[in-house]
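1. Pasting a predicted model and its sequence here:
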Amino acid sequence: MIAIYPGSFDPITLGHLDLIERGSRLFDQVIVAVLSNPSKQPLFTVEQRLEQIRYSTQHLTNVEADSFQGLTVEYAKQRQAKVLLRGLRVLSDFEMELQMAHTNQTLWDGIETVFLATTKEYSFLSSSIVKEIARFGGKISHLVPENVARDIYLYYS
Ligand code: ADP
């Protein structure tokens, strides 16, 4: 079974990576799909984010990175994926995630959203937290893959 893990990944964190590794053990293939959202002002371009994801998931043979625009369910149909993989960290994630899962199901009843709970050590971790710390020169090497830490230091130096 093919699962799509959609998100902004601006940038990918160790929390995302943990979810990808666990997803790759559950599904035959995991497609990490970077949503290209023209109304957001990202730190990294879609191409940079794809490069960061590809580099940090190269040890996982059944994981690929791709980007898409528009509706996630349309992209899922196109990739013949019936599962959307999402992560749950804290209670506040739940409301948005449930709304999204229900919405997607009204758009295509062939889609299932599967939630994986974050591992305890990454429950606080988000891409925005990483950017916030980096902006003020704080240490982020314990929060993101090594290649991403390098990219961020370059960006802010
Ligand atoms: P989005 O803009 O779609 O929320 P993100 O890149 O922020 O994109 O997150 C993509 C998915 O990864 C979401 O389901 C989010 O809950 C999950 N996620 C993000 N950080 C973590 C983490 N530290 N542990 C588990 N899941 C996470």
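-> That came through, no problem.
2. Tally up the residues packed near S127, please.
-> By other Cβ atoms under 10 Å, 23 other residues sit near S127. The way it works is simple: take the backbone N, C-alpha and C, and place the C-beta from them, glycine included.
3. what about the helices in this structure?
-> With DSSP state H applied, the chain shows helices at 14-26, 46-56, 72-78, 91-107, 127-135, 146-156, listed in chain order.
4. Between helix 146-156 and the first one, find me the angle.
-> Going by axes from the mean of the first three to the mean of the last three Cα atoms, to 10 degrees, helix 14-26 is angled at 150 degrees with respect to helix 146-156.
5. With only the CA atoms kept, save helix 14-26 in CSV.
-> Backbone C-alpha positions of helix 14-26 (Å, rounded to 0.1, in the frame of the first residue of the first chain) are rendered in CSV as follows:
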residue,chain,number,x,y,z
LEU,A,14,13.7,15.2,13.2
GLY,A,15,10.1,14.9,14.1
HIS,A,16,9.1,14.6,10.5
LEU,A,17,11.9,12.2,9.9
ASP,A,18,10.8,10.0,12.8
LEU,A,19,7.3,9.8,11.3
ILE,A,20,8.7,9.0,7.9
GLU,A,21,10.9,6.2,9.3
ARG,A,22,8.0,4.7,11.2
GLY,A,23,5.7,5.1,8.1
SER,A,24,8.2,3.3,5.9
ARG,A,25,7.9,0.3,8.2
LEU,A,26,4.1,0.2,7.9
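6. related to what we said a few turns ago, nearest to E121, of the helices of the chain?
-> Nearest to E121 among those is helix 14-26 (8.5 Å), distances taken as Cβ to Cβ.
7. Which positions within that closest one qualify as buried?
-> The neighbour-count criterion (16 or more other Cβ atoms under 10 Å) identifies 14-20, 22-24 as the buried residues of helix 14-26.
8. Among the residues you listed, which one sits closest to S56?
-> Within the buried residues of helix 14-26, distances to S56 taken as Cβ to Cβ reach their minimum at L17, with 5.9 Å.
9. Please tell me how far the closest one sits from G137.
-> Counting by Cβ to Cβ, to the nearest Å, the separation of L17 from G137 is 24 Å.
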